[in-house]
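[1] Coordinates only, no sequence provided:
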Ligand code: AMP
């Protein structure tokens with residue numbers, strides 16, 4: 001496994017692999033790797049000749065009051081996990097290497113980037129889309145792997161790749177969860193013991209919502225009300241709970257066909273997201 005910090009160097013190494021006809025699987029991450037990330041890496045390993053993982057805590061996707069400075073990454077531990085999963089190349093650039101002194105370009109995905117999380121994290125998805133496009137141009141993978149945990153992110157990336165004709169296949173992998181159902185996240189370490197116990201309600205609320213829809217409930221408002229109550233009972237403060245069209249992310253008036261139920265909830269100071277896709 002090679003740890004590479006420069007764009008020039010990683011391009012050089014990868015072009016040599018490409019010449020040998022080996023496919024490249026790429027997993028972009030911000031480090032603090034857990035089993036959710038590793039599921040993407042393992043999938044990339046099974047399906048490609050070479051696996052590249054990027055570890056880059058992207059400053060332009062953090063808001064001014066967010067946890068950029070305290071983001072819990074640990075490069076040594078991440079390198080160990082990557083080695084165990086058979087990663088070939090870790091690309092870990094500095095902010096200066098990625099953005100230089102005069103970076104002026106950014107990628108917006110009109111509408112999609114201001115819905116759900118985008119309403120509460122202005123500029124976040126612009127930052128994500130910009131860094132992902134940069135990384136895809138640098139690595140030029142055959143397939144890039146993303147998690148359904150960040151459903152909105154995955155939808156936005158697919159749209160960017162399609163709209164900008166970026167020659168890469170995007171594969172979205174299922175959410176990996178803790179035993180009690182909490183979606184794995186680098187930010188779960190911020191939860192204290194009580195918050196951690198209570199946070200299992202998110203998965204339960206999503207499952208209850210899916211069951212209501214399966215049972216014939218078609219009005220999102222009633223389902224959302226029930227979810228909000230379940231979450232509030234456990235001390236969670238919902239930033240949003242939405243039932244939306246899974247492509248456009250616009251709120252549904254009635255549930256018929258496919259729907260994405262997505263939420264962002266605070267337990268204490270920690271903001272957690274989760275989602276479920278249903279087919280009524
Ligand atoms: P991050 O390091 O948080 O930017 O995440 C890197 C990638 O891992 C993204 O595509 C995430 O959607 C994915 N990911 C994070 N948590 C999980 C999870 N619990 N299950 C599956 N994928 C995940």
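    Noted; the coordinates are in hand. Everything quoted here is computed from the prediction, not taken from an experiment. Numbers count the residues shown, from 1 in each chain.

[2] Only C-alpha atoms from now on, for both contacts and neighbour counts.
    Noted.

[3] Can you list the buried residues in the helix ranked longest in the chain?
    The longest helix of the chain (DSSP state H) is helix 124-139. Using 16 or more other CA atoms under 10 Å as the test for burial, helix 124-139 gives 124-136, 139.

[4] Closest to the ligand out of the residues you listed?
    The closest of the buried residues of helix 124-139 to the ligand turns out to be residue 128 (CA to the nearest ligand atom; 8.8 Å).

[5] What distance do you get for that closest one to residue 177?
    Relative to residue 177, residue 128 is positioned 23 Å away (CA to CA, to the nearest Å).

[6] Could you do residue 107 as well?
    Applying CA to CA to residue 107 and residue 177 gives a distance of 31 Å.

[7] where's residue 264, which helix or strand?
    Assigned by DSSP states H and E, residue 264 belongs to strand 258-267.

[8] could you check the angle strand 258-267 makes with the following helix or strand past that strand?
    Past strand 258-267, further along toward the C-terminus, the next helix or strand under DSSP H and E is strand 270-279. Using axes from the mean of the first three to the mean of the last three CA atoms, to 10 degrees, one finds that strand 270-279 and strand 258-267 are set 160 degrees apart in direction.

[9] model confidence over strand 270-279, on average?
    Here strand 270-279 scores 97 as its mean pLDDT.

[10] in the helix or strand where residue 154 lies, what's buried?
    Using DSSP H and E, residue 154 sits in helix 151-163. Under the neighbour-count criterion of 16+ other CA under 10 Å, helix 151-163 has 151, 152, 153, 154, 155, 156, 157, 158, 159, 160, 161 buried.

[11] go on, stretch 103-120?
    Under 16+ other CA under 10 Å, the buried positions of stretch 103-120 are 107, 108, 112, 113, 114, 115, 116, 117, 118.

[12] what's the answer for stretch 25-45, then?
    Residues of stretch 25-45 classed as buried: 25-33, 35-45 (neighbour count, 16+ other CA under 10 Å).

[13] Could you list which of these also contact the ligand?
    28, 29, 30, 31, 36, 37 (CA under 6 Å from any ligand atom).

[14] re earlier: quick one: strands adjacent to the helix or strand that the helix holding residue 154 is followed by?
    Downstream of helix 151-163, the next assigned helix or strand under DSSP H and E is strand 169-173. Strands that pair with strand 169-173, judged by DSSP bridges, come out as strand 143-147 (parallel).
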